[in-house]
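S.K.: Just to be clear, the model below is a prediction. Sequence and coordinates:
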Amino acid sequence: MAQILSLSEAVSAVVHDGDTVAMEGFTHLIPVAAGHEVIRQRKRDMTLVRMTPDIIYDQLIGAGCGRKLIFSWGGNPGVGSLHRFRDAVQHGWPLPLEIEEHSHAGMANRYVAGAAGLPFGVLRGYSGTGLVDQTDTIEMITCPFTGEKLTAVRALNPDSAVIHAQRADRAGNVQLWGLSGVQKEAVLAAKRSLVTVEEIVDELTPKADQVMLPTWAITAVAEVPHGAHPSYALGYYDRDNRAYADWDAISRDRDTFTKWLDETVFGGRK
């Protein structure tokens, strides 16, 4: 059953040093506030998992939280590169970063297999790519029924999963709607999970295209208004395009990034 906690309490309970941690949200409902709390708590030595690492993962990497990144695409959407990510891979600053790359379909299948309690997922998408030879969580297999060559991807079961949603009730049942990505699968595949929400309400009213996560599938829920900013939360606020554009200049220079981290995330705290 989900506990209703403050953000700091929830991150402390769910995300641990050395974890494989997935923070999911595809364009929409990205758990930015939770990511900042992970940085403030100085979590270390983590394997960071995200289908589309964007600026929150750039910040986590630049803050020295991760030792490895598992992903299928990385960038500042609509703007360009992730400069803290590039610096870590190319120059080992602030720490060397190992990378494991997949396709979108491969990552989604890994989450689905993990959520279903299966050891692997199966797809056609890797045939003819170099990723099969580069990644030890991808293997070619033969279908026992047709003889077709297919690709198996090892199930992904994170130690901790973090997502953002619009609402939860006081029992810890979570409701999200709009573009949902693999948030549900990440939570169901993980050993522990945190859902930050825009608001906690007495009763969840049905919404079109809603995804429901029951309290028994979640470790902790935290009420964090604007917890997805600068991404958007459908029905609550729009995407802050200026923040994504501004990040390009902030993240290019190590000193500028470090000053931003101290002022914006740590708030002057050391």
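M.R.: Noted; the coordinates are in hand.
S.K.: So, low pLDDT: which residues of this protein?
M.R.: 268-270 (pLDDT under 70).
S.K.: Kindly report the domain assignment for it.
M.R.: 3-101+157-261, 104-154 (automatic domain parsing).
S.K.: So which of these is nearest Gly267?
M.R.: Gly267 lies closest to domain 3-101+157-261 among these, at 8.5 Å (C-beta to C-beta). Glycine gets a C-beta too; all of them are placed from N, C-alpha and C.
S.K.: ok, back up a step: most tightly packed of the domains of the chain?
M.R.: domain 3-101+157-261 (a mean of 20; mean count of other C-beta atoms under 10 Å).
S.K.: need the next SSE after the host helix or strand of Ile61, C-terminal direction.
M.R.: Using DSSP states H and E, the element containing Ile61 is helix 55-62. Sequence-wise, the next helix or strand downstream of helix 55-62 (DSSP H and E) is strand 66-71.
S.K.: where along the protein do the helices fall?
M.R.: For the chain, applying DSSP state H gives helices covering 7-14, 32-40, 55-62, 83-91, 104-116, 131-134, 183-189, 241-252, 254-260.
S.K.: Nearest to Pro225, out of those helices?
M.R.: helix 32-40 (9.0 Å).
S.K.: and the closest one, C-alpha only, in PDB?
M.R.: Only the C-alpha atoms of helix 32-40 are listed here, as PDB (Å, rounded to 0.1, in the frame of the first residue of the first chain):
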ATOM      1  CA  VAL A  32      11.600  16.900 -12.600                       C
ATOM      2  CA  ALA A  33      11.000  17.900  -9.000                       C
ATOM      3  CA  ALA A  34      11.700  14.400  -7.800                       C
ATOM      4  CA  GLY A  35      14.900  14.400  -9.900                       C
ATOM      5  CA  HIS A  36      16.000  17.600  -8.100                       C
ATOM      6  CA  GLU A  37      15.400  16.000  -4.700                       C
ATOM      7  CA  VAL A  38      17.500  13.000  -5.700                       C
ATOM      8  CA  ILE A  39      20.300  15.500  -6.500                       C
ATOM      9  CA  ARG A  40      19.800  17.400  -3.200                       C
END
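S.K.: State the distance from Lys191 to Leu97.
M.R.: Lys191 sits at a distance of 24 Å from Leu97 (criterion: C-beta to C-beta, to the nearest Å).
S.K.: JSON lines please, covering the helices of the chain and showing distance to Glu223.
M.R.: Shown next, in JSON lines, are these (distance: least, C-beta to C-beta, whole Å):
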{"stretch": "helix 7-14", "distance to Glu223": "8"}
{"stretch": "helix 32-40", "distance to Glu223": "11"}
{"stretch": "helix 55-62", "distance to Glu223": "19"}
{"stretch": "helix 83-91", "distance to Glu223": "29"}
{"stretch": "helix 104-116", "distance to Glu223": "25"}
{"stretch": "helix 131-134", "distance to Glu223": "40"}
{"stretch": "helix 183-189", "distance to Glu223": "17"}
{"stretch": "helix 241-252", "distance to Glu223": "22"}
{"stretch": "helix 254-260", "distance to Glu223": "26"}
